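Colleague: Below is the sequence, then the predicted model.
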Amino acid sequence: MRITTLIAAAALIIAVPAQAKMPWVKKSQELGFAEVKDCKACHVGAAKKGGELSERGKFLEDMKTKKKAAEVDLNWQKDYKGK
């Protein structure tokens with residue numbers, strides 16, 4: 001039972017990588033953030049796990065940590081005061 005729980009937890013961690021998702025671009029635009037045109041709104045260069053984040057991306061990750069959220073909430077962009 002314990003091994004099954006550990007395997008399930010590991011699978012969940014691997015299955016939920018912090019990476020850019022094209023639906024996030026679309027959802028950001030639907031929420032009124034027209035300046036979000038592609039993944040480069042939050043990422044520097046190619047959007048990939050462990051990749052460098054832009055100012056906006058760092059802001060969203062900081063908010064995720066502060067709010068102890070499981071995933072970034074795109075509505076937090078309304079509080080972003082950067083470029």
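Modeller: Cool, the structure landed.

Colleague: And what about the residue nearest to the spatial centre of the chain, helix, strand or coil?
Modeller: Closest residue to the average C-alpha location of the chain: Val72 at 4.9 Å, with CA atoms, centre = their mean. Assigned by DSSP: H, G, I helix; E, B strand; the rest coil, the conformation of Val72 is coil.

Colleague: pLDDT score assigned to the nearest residue to Arg56 once chain neighbours are set aside?
Modeller: Closest residue to Arg56 apart from its sequence neighbours, by CB to CB, 6 or more residues apart in numbering: Cys42 at 5.1 Å. No exception for glycine: its C-beta is placed from N, CA and C like everyone else's. Note on Cys42: pLDDT of 92.

Colleague: Cys42 is in contact with Glu55, isn't it?
Modeller: No: using CB atoms under 8 Å, Cys42 is not in contact with Glu55; the gap is 9.0 Å.

Colleague: Between the two, which is the more surrounded one?
Modeller: With neighbours defined as other CB atoms under 10 Å, Cys42 and Glu55 compare such that Cys42 has more, 25 against 13.

Colleague: residues touching that one, list them.
Modeller: Ala20, Val36, Leu53, Ser54, Arg56, Gly57, Leu60 (CB atoms under 8 Å, 6 or more residues apart in numbering).

Colleague: Kindly tell me how buried the residue lying closest to Trp76 once chain neighbours are set aside is, as a neighbour count.
Modeller: Nearest-residue entry for Trp76: Met63, 4.5 Å, with adjacent residues in sequence omitted and distances by CB to CB, 6+ apart. Using other CB under 10 Å, Met63 has 17 neighbouring residues.
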